[in-house]
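Visitor: return atomic coordinates for the entry below.
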Amino acid sequence: MRSSRPHNRGLRCLLITSITLFAVACTSPAPTAPSAAAATTPGAATAAKPASSPAAGAVASAQPSPSSAVLSAAAPTPSAALTKITVSAAPGSANDQPAWVAQETGIFQRNGLSIEVQSMPAAQGIAALLANQVQIAQTAGVETLGALAGGADLVIVANFVPVIPYQFYAGPDIQTVADLKGKKIGITTAGGSYDAAIRIVLPKLGLEPDKDVTLIPTGSIPNVTAALFNHAIDGAPLVVSPASFRAVQGGNFHEVFDFAKNAGPYAAGLVVVKRDYLAQNRDVVQRYIDGLVQGIARFKADRATSLQVDKKYLDETDDTLVARTYDYFVQNVTPSQPLPKPEQFTEILASMARTNDAVKNVDLNKALDPSLVQSAIDRGLDKNPGT
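Guide: Prediction:
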């Protein structure tokens, strides 16, 4: 697993990738070229679209890489017209592996959709959704709840990352959670994703934030990583990814605890739409959810194909690190039935309320619509890998 790589290389790798890996969560399939068949665009998304990030793949007219040749060949070109929709997502996050698989294996196409992905951080994705620049946002709970608290009329139709996909790393002096007492833990900002995650999980493990440990705001995820390597902090959460695995080995750090296994229900990977768009285009949103649910089934059932897809989208050649990331998500993160549920938001709302009183007024009964995922389940799509 390349543990012999120099310390500075591991740090540099994580610093570069961590800027885009997590914006509380979420991410998305890289875009593909629209089908040769005609594509129609529903709704009122007429504003200029933001440029796609090269990291997520351009709206791909480029030739497929050798590693994805088999996958591209497997995707059929339907003769019927496809409905074109634009989806926002943060690039390169392992959260989105099932959506990548749905894109690469033609599942979205077989559901009558031509997907264009606009790569942007989660907060920008919400802004683009509200500006009608995208029809669907794959985003995180903090950003979505913040928008709802600010009066945005949004509907959460799926939660495909219902846990916190972090692991907590520290140096050799800290072997157990109890060893963290009196220590310094790195976060980004007060009220941010790292802060919320720490405040949720530590009490479950016997420690009280601000009393038993000191939370050190560093300003950004790269700064958290730098502080860990420079020993300015004693431990920190890191997003699960090949880059994280490689970097912490180079720095002689080890996992102390896992958030997905200890923090309980969470909202880290949401599918969000505007309420008026859903009312006018429910069939389109249903087809997107159908494709995502089938993509999850294919992701879990077809390890070989999923690993090929992951290597492409994660831009990683180390088979061991890719497989470790895939196995973590299959075993600990990705649900077969990505139903949005109120209990997934309870603790994140409580954490956010420390710095934003308005979130106390968020009506989850109004904001959540599990009926689209339930429809896919009722039709057996959670057991159909979309082949």
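Visitor: quick one: the helices in the stretch 101-250 of the chain?
Guide: Ranges of helices in the stretch 101-250 of the chain, per DSSP state H, counting those that start in this stretch, are 107-110, 122-130, 141-149, 193-204, 221-229, 242-250.
Visitor: of those, which is nearest residue 341?
Guide: Evaluated over the helices of the stretch 101-250 of the chain, closeness to residue 341 peaks at helix 141-149, with 12.1 Å, by CB to CB. No exception for glycine: its C-beta is placed from N, CA and C like everyone else's.
Visitor: tell me where this structure is predicted with low confidence.
Guide: Per-residue confidence for the chain (pLDDT under 70) gives these ranges: 1-80, 387.
Visitor: domain ranges for it?
Guide: Using automatic domain parsing, the domains assigned to the chain come out as 7-21+166-262, 39-163+266-383.
Visitor: mean neighbour count for those domains - can I get that in TSV?
Guide: Formatted as TSV, these follow (neighbours: other CB atoms under 10 Å):
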stretch	mean neighbour count
domain 7-21+166-262	19
domain 39-163+266-383	20
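Visitor: rewinding a little: using CSV, lay out the helices of the stretch 101-250 of the chain together with distance to residue 299.
Guide: Shown next, in CSV, are the helices of the stretch 101-250 of the chain (distance: least, CB to CB, whole Å):
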stretch, distance to residue 299
helix 107-110, 10
helix 122-130, 21
helix 141-149, 21
helix 193-204, 24
helix 221-229, 25
helix 242-250, 17
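Visitor: quick one, which of the ones you listed is nearest to residue 263?
Guide: Here helix 193-204 is closest among these (CB to CB), at 4.1 Å.
Visitor: just the angle between that closest one and helix 221-229, please?
Guide: Inter-element angle recorded for helix 193-204 and helix 221-229: 50 degrees (by axes from the mean of the first three to the mean of the last three CA atoms, to 10 degrees).
Visitor: name the helices or strands packed onto helix 193-204?
Guide: Helix 193-204 sits against strand 184-187, strand 214-217, strand 235-239, helix 259-262, helix 346-352, with contacts defined as 3 or more CB pairs under 8 Å, 6 or more residues apart in numbering; DSSP states H and E.
Visitor: let's have these in a markdown table, adding distance to residue 309.
Guide: What follows is those, written out as a markdown table (distance: least, CB to CB, whole Å):
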| stretch | distance to residue 309 |
| --- | --- |
| strand 184-187 | 32 |
| strand 214-217 | 36 |
| strand 235-239 | 19 |
| helix 259-262 | 21 |
| helix 346-352 | 29 |
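Visitor: identify whichever of the ones you listed lies nearest to residue 146.
Guide: helix 346-352 (7.3 Å).
Visitor: can you give the contact residues for whichever helix or strand comes after that closest one?
Guide: Downstream of helix 346-352, the first helix or strand assigned by DSSP states H and E is helix 364-367. Contacting residues not belonging to helix 364-367 are listed as 148, 154-156, 342, 345 [CB atoms under 8 Å, 6 or more residues apart in numbering].
Visitor: now do 10 Å
Guide: 144-145, 148, 152-156, 272, 275, 340-346, 349 (CB atoms under 10 Å, 6 or more residues apart in numbering).
Visitor: helices and strands around the helix or strand just after it, which ones?
Guide: Scanning forward in sequence from helix 364-367 by DSSP H and E, the next helix or strand is helix 371-378. Judged by 3 or more CB pairs under 10 Å, 6 or more residues apart in numbering; DSSP states H and E, helix 371-378 is in contact with strand 154-161, strand 269-274, helix 282-301.
Visitor: with distance to residue 82 added, can I get the ones you listed in CSV?
Guide: As requested, the helices and strands packed on helix 371-378 are arranged in CSV below (distance: least, CB to CB, whole Å):
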stretch, distance to residue 82
strand 154-161, 21
strand 269-274, 19
helix 282-301, 10
